[in-house]
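>>> need coordinates for the below:
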Amino acid sequence: MILDSIRHRGPDAAGHTFRNGVWLGSRRLKVLDLRDDANQPMGDEATGTALVYNGEIYNYVELRSALERAGHRFETTGDTEVVLRGYLEWGDDLFPRCNGMWSLAIHDPARQGVLLSRDRFGEKPLFLGRDPAGAWWFGSEPGTLRTAGAGSGRYDRSRVLNFLAFGDAEDPTGSFFDGISQLPPGHSVLLTEQGPGSTRAWWNLAELAERTWRPAPVKSTEEQEVVDEAVRIRLRSDVMVGSSLSGGVDSSTILAAIRNVDPSRPVHTFTASFPGRDVDEWDRARQIAERFQAEAHRVEPTVEGYLEELPLLVLRQGGPIDSPSVYAQWCVMREAAAAGVVVLLDGQGADETWGGYPKYVWFAIVEALLRADLRSGARVLRSWRTAGDLPRPDPLQMLGLALPARARRAAHAGFRNAARWIGPALRESNLIDPQGVKTRGPLLQQAAVADGRRVILPRLLRYADRNSMAWSRELRLPFLDERVVELGFSSGWRVGLEAGWTKERLRRLAAKRVPDDIAWRRAKTAYDVPDREWLRHPRVEEQQRLSLGLLRDIEIVSASKHVPLSPWRAMSLACFLEQSKLSA
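Modelled structure (predicted):
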């Protein structure tokens, strides 16, 4: 029953093993080496070491060659055995050598425990919890741990409060299930009978930013080669590979790179389309697909479909969602499944690593004022005003980064006490700082790190993983290749913002292959839906009324007539609590 709860993540095979008090179970989505010999758990008879593993190591070919030179022999051709033998050869030093996404568990009898590890950005989830009998469980989804009896069966009140107050849908160290946490991205931990030991950070985004951040771009002739290489190794697959595609620079850059590194590969693209609406991306996406000889698929999400599928959507997500745009991606993954495309490359991660959010304009201005560099601040302001595209500031994040920790805690307490919509069930709950741990460096650099490890990217990665896995698809993100991230952080965000552009360096790179109206397009909608139109739909209005009624009944929100909450948050939270059967 436990493995059945994640059948959607791995419909092709299942396996389990029990040894020395440790049970390991796995469900497999076959992507590399489709033979049953590559199924999991995978073990080494000589040492008794066993592995279960979710994700892909893209540089497994290179790692395998290194291991063969060290004397290892392989019985399979995929990446799972490379991970197992890599651990036997290098121990914990395996993880920094890996270029990929993963959550894994290695039962090593010599260490009398199970070593857990998670990839750099947390593309793949790894949850932990304890059952009433004292047994520890870990897995890819919190619902699976609940099936095993882990957790308290209650919702996490602080997480619910943060979600309603800030739209904070993902804490990469926690969950909406009380008593179920996550191993942080870029960390490992040894789990024994006594529980998890001290986590070890084997990678840190803030440290990478301190090492690579530059206010002006570093001259490089290797940018295109690095991006192409990140794409090339993510095309390694024994099943069909395609790509998500919008009309923006990020996904267009990825498709252009796919065609450059593999001119003859059949490629399918998938685009969410809303005919007749301003947010429709289809014409631009089709233009790019035709340019690079890809077969384009058009997906048309509807508000009726959203309402009907919301229960399954939030159940698979393991928590509420802050926007119906998540449903657009859900529909794209379903269409990919229908077309038989198992692996999809996606442009996610570019905005957080190359400076793609318009809000960074104000961070650049404030940073200039803090450095008494009035000319730089004036150039940024003038460029964006001239373009007629000056964005609204993000005062919440700006103050959060500028204020010391004590002042931030005081502000959170003041907000909680002043917000009359908060019901009795949440009144004594603590807000979790949505900025994460404060870092050092220029304000733009701090914003990049905060968005990459706490504010924005973890939420998008959760949505992407759960949406793709719900339909047994695998999503790969070249822009989160560590080498590409280093390029993005050294690309000189400030210089680009002074010129009036987000992602200016990436746009210049893209313009070598894609049309200027794509590379230099100022507006991009990605998975946006016509949410204002949807909000006026009678069924949405009724669902909103019912959802607020439920949240009042269980005292999450107060009885106040005026509850200033996002209707999408209220609907998805009410639906999630009903589906997960979590209590207060």
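
>>> P185: neighbour count?
Applying the criterion other CB atoms under 10 Å, we find 26 residues in the vicinity of P185. Heads up, the C-betas are built off the backbone N, CA and C, glycines and all.

>>> what ranges of the stretch 301-450 of the chain fall below the confidence cut-off?
Under the criterion pLDDT under 70, no range of the stretch 301-450 of the chain is flagged.

>>> please, where are all the helices along it?
Counting by DSSP state H, counting those that start in this stretch, the stretch 301-450 of the chain has these helices, from start to end: 303-317, 325-338, 350-354, 360-370, 374-386, 395-402, 405-418, 443-450.

>>> what about these, which gets the closest to R522?
Closest approach to R522 among the helices of the stretch 301-450 of the chain (CB to CB): helix 374-386, 10.3 Å.

>>> list the buried residues for that closest one?
Of the residues in helix 374-386, those with enough neighbours to count as buried (16 or more other CB atoms under 10 Å) are 376-377, 379-381, 383-384.

>>> can you put the residues you listed in JSON lines and add distance to V303?
Conversion of the buried residues of helix 374-386 to JSON lines gives the following (distance: CB to CB, whole Å):
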{"residue": "S376", "distance to V303": "45"}
{"residue": "G377", "distance to V303": "43"}
{"residue": "R379", "distance to V303": "43"}
{"residue": "V380", "distance to V303": "39"}
{"residue": "L381", "distance to V303": "39"}
{"residue": "S383", "distance to V303": "38"}
{"residue": "W384", "distance to V303": "34"}
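
>>> what is the burial count for R265?
R265 has 14 neighbours, counted by other CB under 10 Å.

>>> mind putting the helices of the stretch 301-450 of the chain into a markdown table with distance to R259?
A markdown table is the format used below for these (distance: least, CB to CB, whole Å):
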| stretch | distance to R259 |
| --- | --- |
| helix 303-317 | 32 |
| helix 325-338 | 19 |
| helix 350-354 | 18 |
| helix 360-370 | 30 |
| helix 374-386 | 33 |
| helix 395-402 | 37 |
| helix 405-418 | 47 |
| helix 443-450 | 30 |
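
>>> looking at those, which is nearest to I57?
Shortest distance between I57 and these, using CB to CB, is found for helix 350-354: 20.7 Å.

>>> look up how far L565 lies from Y87.
Distance, Y87 to L565, by CB to CB, to the nearest Å: 47 Å.

>>> what score does the residue nearest to S383 when sequence neighbours are not counted have for pLDDT?
Closest residue to S383 in three dimensions, ignoring its sequence neighbours and counting by CB to CB, 6 or more residues apart in numbering: G500, at 3.4 Å. Residue-level confidence at G500 comes out at 97, pLDDT.

>>> equivalent analysis for K524, please.
Here, the pLDDT recorded for K524 equals 67.

>>> which SS class is the residue nearest to S383?
What DSSP: H, G, I helix; E, B strand; the rest coil gives for G500 is coil.

>>> who has more neighbours, Y87 and L565?
Neighbour comparison, Y87 and L565: the larger count goes to Y87, with 22 against 17 (by other CB under 10 Å).

>>> for that one, give me its contacts.
By CB atoms under 8 Å, 6 or more residues apart in numbering, Y87 lies in contact with 49, 51, 94, 106, 108, 115.
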